[in-house]
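**Student:** Sequence and computational prediction follow.
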Amino acid sequence: MVSSRGVRVHGDKFRQLRQACGLTQEEASSKSGYSDRLIRKLERGGPVDFRTASDVFQTYDMLVESQFTLSDVLRQESNKNELEALMRRWFEEVYNQRDMNVIDELMHENVELLAEGNTAQGREAIHQRVGSVLQAFNPLTIVVDYVVCDGNQAVTYWSVTKKHVGPFAGIDATGRWVKVNGSSFAVVEQGQIIQVRDHWDVQDLIDQLVAPEE
């Protein structure tokens with residue numbers, strides 16, 4: 001991300017490039033024309049001026065055949081923000097707003113779903129899963145606690161409060177309110193989720209539904 005302070009970079013990758021060239025930080029400073037303080041700042045992740053990062057990268061690239069590109073060593077904060085926004089939109093619009101049309105927009109047609117020890121393929125599996133939850137629980141409010149992103153992968157930690165109004169997991173409607181915590185791992189390509197894994201305590205939900213009335 002470019003700001004008034006500069007860009008963030010992958011410091012470890014800059015360090016790997018320097019070491020692949022066989023340079024000390026002082027030698028890298030001399031070769032690139034920048035101070036050794038700047039070299040150390042790059043290896044801490046910045047922020048630095050975009051042109052500066054590009055110049056140092058080009059210096060290393062001329063000295064060694066690199067496995068990295070300039071885009072590899074720049075931290076793509078904008079992509080990270082877009083990925084987090086996509087995950088938050090998924091939970092808000094699909095579950096809280098109960099808009100299942102969003103499934104066709106955000107899920108790839110061949111999305112892979114892993115949940116409760118089972119694997120399913122395709123959007124229809126997502127439609128069935130979400131539909132069964134929305135029919136069984138109403139109202140339902142899911143809160144995204146936080147999202148952790150790495151490249152094109154994200155883990156969303158969430159909590160949901162919902163009222164049991166229809167059959168679920170073989171249990172008829174109880175009218176009870178339940179609360180469950182969980183997380184969802186997702187892989188995203190070109191703005192669509194291609195794989196999702198849900199992790200939550202199924203037994204905890206069942207226990208809340210069948211526990212004797214106090």
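**Tutor:** Right, received. Where do you want to start? Numbering: from 1, shown residues only.
**Student:** Could you identify the helix or strand that succeeds the host helix or strand of residue 52?
**Tutor:** For residue 52, the enclosing helix or strand under DSSP states H and E is helix 50-63. Remark: after helix 50-63, the chain's next helix or strand is helix 70-73, criterion DSSP H and E.
**Student:** same for the helix holding residue 52, what does it pack against?
**Tutor:** With contacts taken as 3 or more C-beta pairs under 8 Å, 6 or more residues apart in numbering; DSSP states H and E, helix 50-63 sits against helix 11-20, helix 25-32, helix 36-43, helix 70-73. For glycine as for every other residue, the C-beta is placed from the backbone atoms N, C-alpha and C.
**Student:** Figure out which of those is closest to residue 62.
**Tutor:** Of all those, it is helix 25-32 that lies closest to residue 62, at 9.1 Å by C-beta to C-beta.
**Student:** Now do the buried residues in that closest one.
**Tutor:** Within helix 25-32, the residues that count as buried by 16 or more other C-beta atoms under 10 Å are 25, 28, 29, 31, 32.
**Student:** Reformat these as a markdown table; add pLDDT.
**Tutor:** Formatted as a markdown table, the buried residues of helix 25-32 follow (pLDDT from 0 to 100):
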| residue | pLDDT |
| --- | --- |
| 25 | 94 |
| 28 | 92 |
| 29 | 93 |
| 31 | 90 |
| 32 | 91 |
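**Student:** nearest to residue 212, of those?
**Tutor:** residue 25 (67.5 Å).
**Student:** Hmm, residue 86 is touching residue 105, no?
**Tutor:** No - between residue 86 and residue 105 there is no contact under C-beta atoms under 8 Å: 10.2 Å.
**Student:** Of the two, which one has the most company?
**Tutor:** Neighbour tally, residue 86 and residue 105, criterion other C-beta atoms under 10 Å: the higher count belongs to residue 86, 18 against 13.
**Student:** what are the ranges of the strands in this structure?
**Tutor:** 107-115, 118-121, 137-150, 153-164, 177-189, 192-200 (DSSP state E).
**Student:** Out of those, flag the one nearest residue 38.
**Tutor:** Here strand 137-150 is closest among the strands of the chain (C-beta to C-beta), at 26.9 Å.
**Student:** List the pairing partners of the closest one within its sheet, with orientation.
**Tutor:** Paired neighbours of strand 137-150 in the sheet (DSSP bridges): strand 153-164 (antiparallel).
**Student:** Just send the buried residues of helix 25-32 back as TSV, with distance to residue 65 too.
**Tutor:** Below are the buried residues of helix 25-32 laid out as TSV (distance: C-beta to C-beta, whole Å):
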residue	distance to residue 65
25	21
28	17
29	22
31	16
32	18
